[in-house]
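Peer 1: need a structure here:
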Amino acid sequence: MKNKIGLLMMSLLVFVLVLVACGGNDDTSTGTGGGADNSETSGQVNEGNENVASEVEIPNIPGFPLAEPITVTMMGPHAGVSDWEDMALFHSLTEATNIHWEFITPSDQDFLTNLNLTFVTQELPDVFFGASLTAAHQMEHGSVGTLIPLQDLIADYAPNISSTLAEHSHITNSITAPDGNIYALPTINLGSDAIWPAGPVYYNGQWLDLLEAEVPRTLDEFTELMFRFRDEIPELIGVDHVFPISATDEMVWLRTWIISFWGMATRAVEATDGNVVHNATTEAYRAYLEWMHMAFNEGLIHPEIFTLSGDMHNALGRENRIGLFQSWHSYGFLGTDAEQALRNPMLRPLTSEWSPEGVLPRSPGFSLGQFAITSRAEHPEAIMMLMDWFYSEEGALFADHGPEGAFWVYDTHEETGEQVRVLAPGVDPEDGAERGRFTPFFGFPAPQIITATPNPRILIDRYQTLEDPLNDFLREETMATMYAYGKVPMPPAMLTEDEVHLIQTTNADLNMEINRQEAAFVTGLTPLNDETWAAFQATLETIGVQDVVDVWQAAHNRWLAASQ
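Peer 2: Down below sits the predicted model:
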């Protein structure tokens, strides 16, 4: 058993190394490997590893190298791991393409300020990379020519992007501005975790085992289980009390999932059969508030759930005091090993009178505004040709893992004799951010496709087991939950400048009021009855909730029309 746990822990460690914890990719995300047949490497042997390259891979990219060198200025958010000019990926790309890079990389915290200043001063880079340009940015600066339209460049120089958009036409509809132009490329994520809108919700599997309980399938079963957590678990684990449900960040992420018990995929605007509503105005949302108030009064949820600090919440998790929690991965929250992590099932959709079939929220699987070319660029064709490579399986895998010889190398597996990827000499296997030293495609959405084909794993060394039970478990749980029952609340759609302005000026006040009143209703500070509910709805109307619905209805109508 000890050896088995050790192998599982090694598997888990590499899983963490290849995972983008924010939103991200795991080792199921991209590509099928095969870099050795399509790249130039030295073929020498590194000390401590057999059959591995000692120099960094120079990939073969269609259309490159250019006959004459060019220089491209790139602006993007610094991920805080390594300066982009030091990254092996860009050094390798320069050798492969004859494109030389100059970087402008403000910190994550300062990036938006610097981005807006760049537009104001017109001291533009050639390209924006991983910049998460909003619809407002794209419309405002595209309409005046600061950002150039990309659709013709895509048609002429980007066969991978063209074929992907043709296959996934809903993405084309979402990235096309109301004026008919495409001003920015998205991250397209087809991986198994792409549909997670946030870290999933997990049940404490040890508690389920102690109670010999099944994962609930109805709201009534869920409620009964939460009472059993409250009443029976303290004695079984030897503590004075537990918290069946807990959360931090004002319950933002946990709410994403719990609200689905009443058939809602979001608390905000949602489209169903072409009709857009704001769920905070619905009777289903009132029913959610009533249940939450009951759970608060009965001690089923942490009494400080709207104000609980992340440190306190995480400490309770490590003390095994929480039964239902939201986290990217359960092992980190509970402080358990990989074997125990396999016991923590994901939340299943619950049926109720409000949700007869059950639903869970899901992400659309793409992120808008991650790459744009400005009017300053002198070589947009070459830039688009290179970016297109990152929308191929080979290019996306290169983007994620970096070139061979930097973060990883090939080696021969001790047990099977097959060629595998292992950590390169000098890479710290205990540092989950190490990959960010070699490639910028780490820690934030970047322009690429993340395919449904599992990534080749990067092992710690050639002796590590090839089995990956944790990743298999997460994939199976995701398929059984979000793939089977997931709903995108509102397909992303580009807004006009006037629509963007209305949303920006209204949503902040609207969300503030909804947050304030939700906390008051749940905790009982404001009793929830017909009179207080009507007053709440009147306040939302005064702020402009119907205007927000009208904007998104118009945008959704355009999206539907483009889909015809």
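
Peer 1: please identify the buried residues of the strand or helix carrying E95?
Peer 2: Secondary-structure assignment from DSSP states H and E places E95 in helix 88-97. Buried residues in helix 88-97, defined by neighbour count with 16 or more other C-beta atoms under 10 Å: A88, L89, F90, H91, S92, L93, E95, A96, T97. Yep, even glycine has a C-beta here, placed from its N, CA and C like the rest.

Peer 1: and which of those residues is nearest to L254?
Peer 2: Proximity of these to L254 (C-beta to C-beta) peaks at L89, which lies at 36.3 Å.

Peer 1: does the nearest residue in space to that closest one that is not next to it in sequence sit in a helix or strand, and which one?
Peer 2: Using C-beta to C-beta, 6 or more residues apart in numbering and skipping the chain neighbours, the partner closest in space to L89 is T439 (4.3 Å). Using DSSP H and E, T439 is not contained in any helix or strand.

Peer 1: just checking, T439 touches L397?
Peer 2: No - using C-beta atoms under 8 Å, T439 is not in contact with L397, being 10.8 Å away.

Peer 1: what's the lengthiest helix in the chain packed up against?
Peer 2: Determined from DSSP state H, the single longest helix within the chain is helix 497-523. Judged by 3 or more C-beta pairs under 8 Å, 6 or more residues apart in numbering; DSSP states H and E, helix 497-523 is in contact with helix 135-143, helix 283-297, helix 530-543, helix 545-563.

Peer 1: mind checking how far it is from the chain centre?
Peer 2: 23 Å (C-alpha atoms, centre = their mean, to the nearest Å).

Peer 1: what angle sits between that helix and helix 283-297?
Peer 2: 40 degrees (axes from the mean of the first three to the mean of the last three C-alpha atoms, to 10 degrees).

Peer 1: buried set for helix 497-523?
Peer 2: For helix 497-523, by 16+ other C-beta under 10 Å, it's 499-500, 502-503, 506-507, 510, 513-514, 517-523.

Peer 1: pLDDT on that helix, on average?
Peer 2: For helix 497-523, the per-residue pLDDT values average out at 93.

Peer 1: that helix vs helix 545-563, what angle?
Peer 2: 120 degrees.

Peer 1: what angle sits between helix 497-523 and helix 135-143?
Peer 2: 180 degrees.

Peer 1: which stretches of the stretch 51-200 of the chain form strands?
Peer 2: 58-59, 70-75, 99-104, 127-129, 185-189 (DSSP state E, counting those that start in this stretch).

Peer 1: helices or strands next to the last one in the packing?
Peer 2: With contacts defined as 3+ C-beta pairs under 8 Å, 6+ apart, strand 185-189 has these neighbours: helix 169-175, strand 366-373, strand 449-450.

Peer 1: mind listing what S143 touches?
Peer 2: Applying C-beta atoms under 8 Å, 6 or more residues apart in numbering, we find S143 in contact with D179, E497.

Peer 1: from Q419, how far off is it?
Peer 2: Per C-beta to C-beta, to the nearest Å, S143 is found 51 Å from Q419.

Peer 1: which residues does the helix holding E95 contact?
Peer 2: Contacts of helix 88-97 (C-beta under 8 Å, 6+ apart): 56-61, 64-66, 84, 99-101, 382, 386, 398-399, 402-403, 405-407, 438-441.

Peer 1: if we go to 7 Å?
Peer 2: 56-59, 61, 64-66, 84, 99-101, 386, 402-403, 406, 438-440 (C-beta atoms under 7 Å, 6 or more residues apart in numbering).

Peer 1: same check on stretch 254-271?
Peer 2: Residues contacting stretch 254-271 (C-beta under 7 Å, 6+ apart): 197-198, 201, 219, 247, 276-280, 284-285, 287-288, 326, 347, 349-350, 352, 354-355, 359-361, 487, 489-490, 548-549, 552, 556.

Peer 1: T187: which of the buried residues of helix 88-97 is nearest?
Peer 2: Among the buried residues of helix 88-97, and counting by C-beta to C-beta, the member closest to T187 is L89, at 16.4 Å.

Peer 1: measure the closest one to G402 for me?
Peer 2: 5 Å.

Peer 1: need the overlap of contacts for those two.
Peer 2: Joint contacts of L89 and G402 (C-beta under 7 Å, 6+ apart) are F438, T439.

Peer 1: so what secondary structure elements neighbour the helix or strand hosting F333?
Peer 2: Element membership for F333 (DSSP H and E) is helix 330-334. Contact partners of helix 330-334 among helices and strands, from 3 or more C-beta pairs under 7 Å, 6 or more residues apart in numbering; DSSP states H and E: helix 310-318, helix 338-341.

Peer 1: CA-only coordinates of that helix, as CSV, when you get a sec.
Peer 2: Provided in CSV are the C-alpha atoms of helix 330-334 (Å, rounded to 0.1, in the frame of the first residue of the first chain):
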residue,chain,number,x,y,z
SER,A,330,-10.2,18.4,-3.8
TYR,A,331,-6.9,17.1,-2.6
GLY,A,332,-5.4,20.6,-2.1
PHE,A,333,-8.4,21.8,-0.2
LEU,A,334,-8.7,18.8,2.1
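
Peer 1: now that helix: buried residues?
Peer 2: Going by 16+ other C-beta under 10 Å, helix 330-334 has these buried residues: S330, Y331, G332, F333, L334.
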